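**Student:** here is my input; please provide its structure:
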Amino acid sequence: MIRNLLYAFKYDKPGIRKAFFWEWLHGSFIAAPSGIILVILWELFKDEPDVQNIWLTIGVMGLLFLGQLYVAKKAMLSSNYTTYEMSRKLRLALGNKLQKLSLGYYKKRDPGDLASIVLQDVANLENIFGHSVTNIANALFGTLVLSVFLLFLDWRLALTLIAAIFIAIPFIQFSKWLVEKYGQKQIKARNRTGARFLEYVQGIRPIKSYGMTGERFQSLDAALSSLRRESIRVEAIPGPFVLSAGIVFEVFFIGMIWLALYFLAGATLSIPVFIAFLIIGYRLYEPMKILMVEYPVLSYMNVSLGRIIEVLEAEEQEVGKDLQPSTFDIRFEKVNFGYTDEKEVIINLSFYAPEGSMTALVGPSGSGKTTITSLIARFWDVQQGSISIGGIDLRNMAPATVYGLISEVFQEVYLFDDSIYNNIKTGNPEASEKQVMEAARQAQVSEFAENLPQGLQTKVGEGGNKLSGGQKQRISIARALLKDAPIVLLDEATASLDPENEIYIQQAIAALVKEKTVIVIAHKLSTIKNADQILVLEKGHIAENGRHEDLLDKKGLYAHLWQLQQKASGWKFGKQEKQFYHE
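**Tutor:** Numbering: from 1, shown residues only. Have a look, this model is predicted:
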């Protein structure tokens, strides 16, 4: 726990020191009246009490009370400001860290889990750190000050009361261990619930279409039931041990009274000291009772902190340097790559794509086409071999440098919940309005945007859910046009477009790829007949390569795929017979 707290503290060390200073000072002001009460008691038990001195002491108590209000205000503001400043820096650090991780990291983690870390785990830190840590610091300091007071009065009774603290510590420690144990289960249940709910909302269309509503609801209901069960456990199971610590305090306080009466009967204890222990002695346990509640809660925060630190310490991609290649040819040299340790998707793959050429990737599903484009974009790093642009190994280049060299138009288009205009402008944030409008025109975005209520300023919704697949694809092409990068990666960019608009998008793509190094994934072989080279992939390696005519002459896998597509193009749907037939 200490390591995790120190890790979090480094994000605002000056603020943490300031917050603890005010909390400790606040603890002193809280403990000080106990000493003043002692002065009044001593005065009252004199043969001739000095009333003026008593009133003076009460006046000092009043001044201390006003000072306590000021210090309490400063402590609260300092604690809250520090907490939220630290959480702000942690969220920024998490965001920056997530940018530096390879996509392989995301493939192993549930997106809902990562969202939970950034939002809920940091929120746990805010809520608990802002109260529990400062309360614990206050309780420890207050207990120390009161213990010194009591030891000064009578060491025998003071040690009796203090002994209860050491006996209660194992109960508190065990409750902390239970909170940490069941807190981990509760957080996992919370993350599962978030993932199931996200799955339910995002998949509501196919869920309804296939009549799976009940089944899917049951999985969400099971996740919610698990969350309820684990939430009860994290509260109920440690509870008896916290209560046991409280019982120890009560028993030892009663024991102290019995011992004090014994000493009083033996004339080894004065009445004022006895009364002081009755009043002040019970207050010794007040900070500890706060600690009993806050310390186990701190363990729950420790679980969240551990998850945050796990992400912040995750292994990053090799950073590389800002090396700018002078040419934009692409070379694969004996590349091996797999998403998991068990299976390789790319096996001993080598090819060369000259600058300004078009290389097409074709082959059955799962042959490695998309993986190749992802490796070129350095979404992952290869396990063996090398990939270079302009003779520079990608691993020696900073990821941001690689991203700047590449424009991507993939089938799966993600749009931000912003306007069409701003989504296009993400391709080049420095672009002028005229350049954005031109990119929108070339990609045929203006054509459908004109019919929207706010034109290019229309919001697209989360992930672009307010637009059709074809509309999102056109925005993606406009982005790439605006970026004007020297390397273009295309993944069947016209797959989501209707035939009427496909020819216009092909023209936009022609403008996009002009004089660029192009890697295109093709499912329609007719669209890549003019490619400079075609790589036919099968099970992660190159089965054939060459130009369209050469590959047809070889009568291998490419020729087989071509013939299948030619046959498929002859199939039509008979309206009367309601069946497929071939012309």
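**Student:** could you use CA atoms for every contact and neighbour count after this?
**Tutor:** OK.
**Student:** domain ranges for this structure, per the record?
**Tutor:** Here the domain parsing of the chain from automatic domain parsing is 2-11+83-312, 330-405+485-582, 414-471.
**Student:** the ones you listed: which one's closest to residue 57?
**Tutor:** Comparing the domains of the chain against residue 57 with CA to CA, the closest turns out to be domain 2-11+83-312 (16.2 Å).
**Student:** in TSV, list the domains of the chain along with mean neighbour count, distance to residue 60 and mean pLDDT.
**Tutor:** As requested, the domains of the chain are exported to TSV (neighbours: other CA atoms under 10 Å; distance: least, CA to CA, whole Å; pLDDT from 0 to 100):
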stretch	mean neighbour count	distance to residue 60	mean pLDDT
domain 2-11+83-312	18	18	77
domain 330-405+485-582	18	64	80
domain 414-471	18	61	85
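**Student:** export these to TSV and tack on distance to residue 56?
**Tutor:** Converted to TSV, those look like this (distance: least, CA to CA, whole Å):
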stretch	distance to residue 56
domain 2-11+83-312	20
domain 330-405+485-582	71
domain 414-471	67
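**Student:** so which of these comes closest to residue 49?
**Tutor:** Residue 49 sits nearest to domain 2-11+83-312 of all those, at 13.4 Å, using CA to CA.
**Student:** correct me if wrong: residue 473 contacts residue 411.
**Tutor:** Yes: counting by CA atoms under 8 Å, residue 473 does reach residue 411; the two are 7.4 Å apart.
**Student:** so which residues of the stretch 251-400 of the chain form strands?
**Tutor:** Per DSSP state E, counting those that start in this stretch, the stretch 251-400 of the chain carries strands over the ranges 330-337, 346-353, 358-362, 384-389, 392-393.
**Student:** would you mind putting these into a markdown table with distance to residue 488 alongside?
**Tutor:** Output for those, formatted as a markdown table (distance: least, CA to CA, whole Å):
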| stretch | distance to residue 488 |
| --- | --- |
| strand 330-337 | 11 |
| strand 346-353 | 12 |
| strand 358-362 | 9 |
| strand 384-389 | 13 |
| strand 392-393 | 18 |
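**Student:** what packs against the longest helix anywhere in the chain?
**Tutor:** Ranked by residue count under DSSP state H, the longest helix found in the chain is helix 51-100. On a contact count with 3 or more CA pairs under 8 Å, 6 or more residues apart in numbering; DSSP states H and E, helix 51-100 meets helix 2-9, helix 13-44, helix 122-128, helix 285-312.
**Student:** give me that answer again for 7 Å
**Tutor:** helix 13-44, helix 122-128 (3 or more CA pairs under 7 Å, 6 or more residues apart in numbering; DSSP states H and E).
**Student:** weakest of those helices in terms of mean pLDDT?
**Tutor:** For these, the weakest mean pLDDT is recorded on helix 13-44, namely a mean of 67.
**Student:** which residues touch the nearest residue to residue 344 once chain neighbours are set aside?
**Tutor:** Closest residue to residue 344 apart from its sequence neighbours, by CA to CA, 6 or more residues apart in numbering: residue 338 at 3.9 Å. Contact analysis of residue 338 by CA atoms under 7 Å, 6 or more residues apart in numbering lists 344-346.
**Student:** rewinding a little: okay, residue 473 and residue 411: which has more neighbours?
**Tutor:** Using other CA atoms under 10 Å as the criterion, residue 473 and residue 411 rank with residue 473 on top: 27 against 18.
**Student:** and the more buried one, what does it touch?
**Tutor:** Shown in contact with residue 473 (CA under 7 Å, 6+ apart): residue 413.
**Student:** looking at this, it is in a strand?
**Tutor:** No: assignment of residue 473 by DSSP: H, G, I helix; E, B strand; the rest coil gives helix, placing it outside any strand.
**Student:** tell me if I'm right that residue 182 and residue 232 touch.
**Tutor:** No: Residue 182 lies out of contact with residue 232 (CA atoms under 7 Å); the separation is 9.6 Å.
**Student:** circling back: distance to residue 512 added to the contacts of residue 338, as CSV?
**Tutor:** Formatted as CSV, those follow (distance: CA to CA, whole Å):
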residue, distance to residue 512
344, 33
345, 30
346, 28
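**Student:** hang on, residue 520 in a strand?
**Tutor:** Yes: according to three-state DSSP, residue 520 belongs to a strand.
**Student:** distance check, it against residue 528.
**Tutor:** For residue 520, the distance to residue 528 (CA to CA, to the nearest Å) stands at 8 Å.
**Student:** likewise residue 158?
**Tutor:** To residue 528, residue 158 is 89 Å away according to CA to CA.
**Student:** next one: residue 562
**Tutor:** Distance of residue 562 to residue 528, given as CA to CA: 11 Å.
**Student:** quick check: which element contains residue 446?
**Tutor:** Using DSSP states H and E, residue 446 sits within helix 445-449.
**Student:** residues in contact with that helix: which ones?
**Tutor:** 440, 455-456, 474-475.
**Student:** let me have those residues in CSV, adding distance to residue 141 as columns.
**Tutor:** Shown next, in CSV, are these (distance: CA to CA, whole Å):
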residue, distance to residue 141
440, 65
455, 63
456, 61
474, 64
475, 61
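**Student:** of all those residues, which comes closest to residue 52?
**Tutor:** Checking these one by one against residue 52 (CA to CA), the nearest turns out to be residue 456, at 81.2 Å.
**Student:** from residue 436, how far off is the closest one?
**Tutor:** Taking CA to CA, one finds residue 456 at 10 Å from residue 436.
**Student:** same check on residue 457?
**Tutor:** For residue 457, the distance to residue 436 - CA to CA - is 12 Å.
**Student:** check residue 262 too.
**Tutor:** Distance, residue 262 to residue 436, using CA to CA: 91 Å.
**Student:** what do you get for residue 412?
**Tutor:** Look at residue 412 and residue 436: by CA to CA, they are 22 Å apart.
**Student:** ok, now residue 556?
**Tutor:** 45 Å.
**Student:** quick check, residue 174 in a helix?
**Tutor:** Yes: Residue 174 sits within a helix when classified using three-state DSSP.
**Student:** now it. Nearest residue, chain neighbours left out?
**Tutor:** Residue 174 sits nearest to residue 241 (CA to CA, 6+ apart), 7.3 Å away.
**Student:** and if you look at residue 362?
**Tutor:** residue 536 (5.0 Å).
**Student:** residue 231 against residue 186, yeah?
**Tutor:** Yes: the pair residue 231 and residue 186 qualifies as a contact (CA under 7 Å) at a distance of 5.8 Å.
**Student:** which stretches in the stretch 101-250 of the chain count as strands?
**Tutor:** Using DSSP E, counting those that start in this stretch, the stretch 101-250 of the chain contains no strands.
**Student:** whoops, the stretch 401-550 of the chain was the one
**Tutor:** Shown for the stretch 401-550 of the chain, the strands assigned by DSSP E, counting those that start in this stretch span residues 406-409, 487-491, 517-521, 533-538, 541-546.
**Student:** same list (these) but as TSV, adding distance to residue 109.
**Tutor:** Output for the strands of the stretch 401-550 of the chain, formatted as TSV (distance: least, CA to CA, whole Å):
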stretch	distance to residue 109
strand 406-409	24
strand 487-491	25
strand 517-521	27
strand 533-538	29
strand 541-546	28
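**Student:** so which of those is nearest residue 121?
**Tutor:** Here strand 406-409 is closest among those (CA to CA), at 33.8 Å.
**Student:** stretch 258-268: how far from the chain's middle?
**Tutor:** Remark: stretch 258-268 is offset 61 Å from the chain centroid, using CA atoms, centre = their mean, to the nearest Å.
**Student:** should've said stretch 425-434
**Tutor:** Remark: stretch 425-434 is offset 29 Å from the chain centroid, using CA atoms, centre = their mean.
**Student:** ditto for stretch 475-494
**Tutor:** Distance of stretch 475-494 from the chain centroid (CA atoms, centre = their mean) equals 29 Å.
**Student:** contacts for it, please.
**Tutor:** Stretch 475-494 is contacted from outside by 328, 373, 404-411, 413, 424-428, 436, 439-440, 443, 445, 502, 512-513, 516-523, using CA under 7 Å, 6+ apart.
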